[in-house]
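1. pasting the structure only:
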């Protein structure tokens, strides 16, 4: 299920026209203490939404809002499948 946030309300609202599945895979270090050295996160999104908007949400989640990725010392890779098609990550836009 896709969650959308309204400007006037802090509670997310479900969007019935979009579906999102999240798959994760990780590589564990064999030495103690065992820890993840690499994590791959695949977002599988179905619905009418532009790929750049999805990639922006993925980036913001990873770079700004995700306490888990901020707590892990692992290489994170993100992948996007939008309506069954693998969408490569566009270059990051920088504000001037």
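-> On my side now, so go ahead. None of these values were measured; they are calculated from a predicted model. Residues are numbered from 1 along each chain as shown.
2. spatially central residue in the chain, please.
-> In the chain, the C-alpha nearest the mean C-alpha coordinate belongs to residue 58, at 3.6 Å (Cα atoms, centre = their mean).
3. list the contacts of residue 53.
-> Residue 53 makes contact with no residue, according to Cβ atoms under 8 Å, 6 or more residues apart in numbering. For every residue, glycine as well, the C-beta is placed using N, CA and C.
4. what comes up buried for the top helix by length along the chain?
-> Secondary structure of the chain per DSSP state H: the longest helix is helix 51-60. Using 16 or more other Cβ atoms under 10 Å as the test for burial, helix 51-60 gives 51, 54, 55, 57, 58.
5. tell me the confidence at the first one?
-> In the prediction, the pLDDT value recorded for residue 51 is 92.
6. how about residue 72: what's its closest non-neighbour residue?
-> Computed as Cβ to Cβ, 6 or more residues apart in numbering, the closest residue to residue 72 that is not its neighbour in sequence is residue 36, at 6.1 Å.
7. ok, the one you found - how many residues close by?
-> Around residue 36 sit 15 other residues, with neighbours defined as other Cβ atoms under 10 Å.
8. for residue 73, same thing?
-> By other Cβ under 10 Å, neighbour count at residue 73 equals 7.
9. begin at 11, not 1, for the rest of this chat.
-> Happy to do that; since the first residue is 11 now, the last one works out to residue 83.
10. a strand runs through it, doesn't it?
-> No. Counting by DSSP: H, G, I helix; E, B strand; the rest coil, residue 83 is not found in a strand; it is coil.
11. if I pick it, what's in contact with it?
-> Neighbours of residue 83 in contact, by Cβ under 8 Å, 6+ apart: residue 45.
12. mind redoing it with 10 Å?
-> Shown in contact with residue 83 (Cβ atoms under 10 Å, 6 or more residues apart in numbering): 45, 46, 47.
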